[in-house]
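Asker: next comes the sequence, and after it the predicted model I'd like to discuss.
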Amino acid sequence: MNGELTQASGKKDNMAKYESQIKQVPYAQSAVYAKISDLTNLAVIKERFDDPNVQAQIPADKIEEVRSAVSQMEFTTDTLSTPVGPIGTVSVQIVDREPEKCVKFTSTNSPVSFKLWIQVLPTGEASSKMKVTIDADLNFFMKQVIGSQLQKGVDKFADMLAMIPYE
């Protein structure tokens, strides 16, 4: 990755790519990678939800809906499962780990096939930057219907990852 957060390659015709903004994280690259490469470490999301600063970032009319979804999230070392509205439970599984730089996931239980990856690069001894990318298998109609929601979801996921304590 040579110090740059990279673009996805090998894109198929129906693949739609959504990338988050680059997020600054006030923790060392090694600490961030250690946490995101073992999904049981992300269970802290459930605890952090009760933080008023976290809740302030969620529209008031959505707090209970998000609280319910967060409380139902399940984590193992390699998988994360979460309920998604009328779709049911969506799961992702880690398929590749590039030590301290990138964790790649694929959907395992989802109506839409997708790949997701989280890239992490150092910006200093005790700081790093990250970017989340999702590559979803969407036809033209689906891109029009849910594309903006996927972009918002990728951005919110990156925001959430940037707020996790990585110590």
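Answerer: Received it, and whenever you're ready, just let me know what you need.

Asker: contacts for stretch 44-64?
Answerer: Applying Cβ atoms under 8 Å, 6 or more residues apart in numbering, the contact partners of stretch 44-64 are 66-67, 70-71, 73, 159-160, 163-165. In this view, the C-beta of every residue, glycine as well, is placed from N, C-alpha and C.

Asker: just the buried residues out of those, in PyMOL syntax.
Answerer: In PyMOL, this line selects whichever of the contacts of stretch 44-64 come out buried by 16 or more other Cβ atoms under 10 Å:
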select buried, resi 70+73+160+164
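
Asker: grab the most central residue of the chain for me.
Answerer: Phe157 (4.4 Å; Cα atoms, centre = their mean).

Asker: that residue touches Val132, doesn't it?
Answerer: Yes: contact criterion Cβ atoms under 8 Å: Phe157 and Val132 qualify, at 5.4 Å.

Asker: mutual contacts of these two, please.
Answerer: Joint contacts of Phe157 and Val132 (Cβ under 8 Å, 6+ apart) are Ser20.

Asker: of the contacts of stretch 44-64, closest to Ala43?
Answerer: Met73 (7.8 Å; Cβ to Cβ).

Asker: would you check that that closest one makes contact with Thr82?
Answerer: Yes: if you go by Cβ under 8 Å, Met73 and Thr82 touch, sitting 4.7 Å apart.

Asker: what bridges to the residue nearest to Ser113 when sequence neighbours are not counted?
Answerer: Closest residue in space to Ser113, ignoring its immediate chain neighbours: Asp137 at 4.2 Å, by Cβ to Cβ, 6 or more residues apart in numbering. Under DSSP bridges, the beta-bridge partners of Asp137 are Met15.
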